[in-house]
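A.B. asks: the following comprises the amino acid sequence and a computationally predicted model.
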Amino acid sequence: MRNHHRRWIAGLALFVFVSSCGSDSTAPETGFSGHWTGILLQPKTTGNTEFAYSMNLSVTGTAVSGTAHIAVSGQPQFYADFTISGTTTATQLDFTEVAITAQVPPNTGGSWCLKRGTLTLAADGHSAAGSWSSTGGCAPGTLSLTRG
């Protein structure tokens, strides 16, 4: 009876150990999949113009698709929504805004440009930063995002 009891306890201990080694639903996301928010800067001769910027990205293999949203900081009524495509490695995202799907341009006579850029994922996996440019005549700038 004692050997049976010991085997039962050893089996229970093994079950608890193996069960605790399973995937953790609270584990952080990796790569560029997910929701990102941050700041897009566009340098001007009188200082930077700052925009709130977010991306929702899906990654399949190395292909990236998703959406982006930009708004004038402090004036969210002036915004644009975009579809995005691109490619990724474990630490780098090359993205292109493909089309504007909705927009309200700033009332200063400005317009929204389609942008493309490269972001590098930080070692912690929670932030990414890089530069962007536009073929539509907008001055280039930088983009800094955090996951969440």
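C.D. replies: Structure received.
A.B. asks: only C-alpha atoms for contact and neighbour calcs from this point on.
C.D. replies: Noted.
A.B. asks: following the chain past the helix or strand of the chain with the lowest mean pLDDT, name the next helix or strand.
C.D. replies: Counting by mean pLDDT, DSSP states H and E, the chain has its least confident helix or strand at helix 2-20, which shows a mean of 42. With elements assigned by DSSP states H and E, the helix or strand that comes after helix 2-20 is strand 34-44.
A.B. asks: and the contacts of that next one?
C.D. replies: 48-58, 139-148 (C-alpha atoms under 8 Å, 6 or more residues apart in numbering).
A.B. asks: what about 10 Å?
C.D. replies: Contact with strand 34-44 is made by 47-59, 66-73, 126-133, 138-148, as judged by C-alpha atoms under 10 Å, 6 or more residues apart in numbering.
A.B. asks: report the buried members of those.
C.D. replies: 50-59, 66-73, 126-133, 140-147 (16 or more other C-alpha atoms under 10 Å).
A.B. asks: which of those residues fall within strands?
C.D. replies: Residues of these located in strands (DSSP state E): 50-59, 66-72, 127-133, 141-147.
A.B. asks: how about the most centrally placed residue in the chain, nearest residue that isn't a chain neighbour?
C.D. replies: Centrality entry for the chain: nearest residue to the mean C-alpha point is Trp36, 3.5 Å, by C-alpha atoms, centre = their mean. Distances taken as C-alpha to C-alpha, 6 or more residues apart in numbering put Arg147 closest to Trp36, at 4.5 Å, once the chain neighbours are dropped.
A.B. asks: and for Ala129?
C.D. replies: Ser144 (4.3 Å).
A.B. asks: what ranges in the chain fall below the confidence cut-off?
C.D. replies: Along the chain, the model assigns pLDDT under 70 to residues 1-30, 47, 109.
A.B. asks: any idea how far Thr83 is from the residue nearest to Gly141 when sequence neighbours are not counted?
C.D. replies: Distance criterion C-alpha to C-alpha, 6+ apart; nearest residue to Gly141, sequence neighbours excluded, is Gln42 at 4.5 Å. Distance, Gln42 to Thr83, using C-alpha to C-alpha, to the nearest Å: 20 Å.
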